[in-house]
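Q: Next come a sequence and a model predicted from it.
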Amino acid sequence: MALPANRVAALLRGLEPLQEKVVRLHYGMGCQRAHSAKEIARAFQVSPAVIAGLLGAAQERLAQVGLTPRQLRAAARRSPRI
């Protein structure tokens, strides 16, 4: 089931700011395309393992409120590209 964009945005804002940014970049929300953990790690000057940890923790937290990776991918497809 597709969630409204404002609901997805509200759930993402419930994350730590860095987690939110990593999730948005990973799924390509509000940017041209999805980014790999390696690309995100380079941008933040950390290791890909750190990004994987942030992403995993964020996904666990989002799963607790009922937002799945499938729903995140669907929301990313509907989000405007800049």
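A: Everything's here; your move. Source: prediction; values computed, not measured.
Q: Ignoring the adjacent residues along the chain, who's closest to the residue most central in space within the chain?
A: In the chain, the centroid-proximal residue (Cα atoms, centre = their mean) is residue 23; its distance is 1.7 Å. Distances taken as Cβ to Cβ, 6 or more residues apart in numbering put residue 58 closest to residue 23, at 5.0 Å, once the chain neighbours are dropped. Placement of C-beta: from N, CA and C, glycine included.
Q: do residue 18 as well
A: residue 54 (6.3 Å).
Q: Following element in sequence after the helix or strand harbouring residue 6, please.
A: Using DSSP states H and E, residue 6 sits in helix 5-13. Using DSSP H and E, the helix or strand that follows helix 5-13 in sequence is helix 17-27.
Q: List the buried residues for the helix or strand just after that next one?
A: Sequence-wise, the next helix or strand downstream of helix 17-27 (DSSP H and E) is helix 37-44. By neighbour count on 16 or more other Cβ atoms under 10 Å, the buried set for helix 37-44 is 37, 40-41.
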